[in-house]
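S.K.: could you work out the structure for the sequence below:
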Amino acid sequence: MTDEDPAAEPARLTAWVRGRVQGVGYRWWVRSRALELGLTGSVSNLDDGRVQVVAEGSRGRCERLLAMLSTAAAPGRVTGVTERWDTARGGLAGFTEN
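M.R.: Numbers count the residues shown, from 1 in each chain. You can find the predicted model right below:
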């Protein structure tokens, strides 16, 4: 047994957000929340109307961002979020809006 906190381990979150999330300031809002949490990555519109979020940082901070993606405070209307977790790959700087 270790004293390490799994929430502190580096992680990579990829999330696909469905709903009315394009053209409503959603990417800007996600970028702002990610920067507040100290995460690196990107947020992009997809051709099928979804928004893709890729974020790296501690597992706990990524989980906090994931929880925020579908809150009432988010612009637009989120109908669902699909997530995938992976090990952090690094090499990201800042948080870009594509």
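
S.K.: next SSE after the one helix or strand Trp85 maps to?
M.R.: According to DSSP states H and E, Trp85 maps onto strand 77-86. Sequence order places strand 95-97 as the next helix or strand after strand 77-86, per DSSP H and E.

S.K.: pLDDT below threshold where in this structure?
M.R.: Counting by pLDDT under 70, the chain shows low-confidence ranges at 1-6.

S.K.: hmm, back to that, show me which positions of the strand holding Trp85 end up buried.
M.R.: Neighbour counts over strand 77-86 (16 or more other C-beta atoms under 10 Å) mark 78, 81 as buried. (Glycine included, C-beta is placed from N, CA and C.)

S.K.: strand partners (parallel or antiparallel) of that strand?
M.R.: strand 10-20 (antiparallel) (DSSP bridges).

S.K.: pull the distance from the partner strand to the chain's centre.
M.R.: Its chain's C-alpha centre and that of strand 10-20 lie 5 Å apart, by C-alpha atoms, centre = their mean, to the nearest Å.

S.K.: which strands and helices sit next to the next helix or strand after it?
M.R.: Following strand 10-20 in sequence order, the next helix or strand is helix 26-36 (DSSP H and E). On a contact count with 3 or more C-beta pairs under 8 Å, 6 or more residues apart in numbering; DSSP states H and E, helix 26-36 meets strand 40-45, strand 51-58, helix 59-68, strand 95-97.

S.K.: alright, I will stop here.
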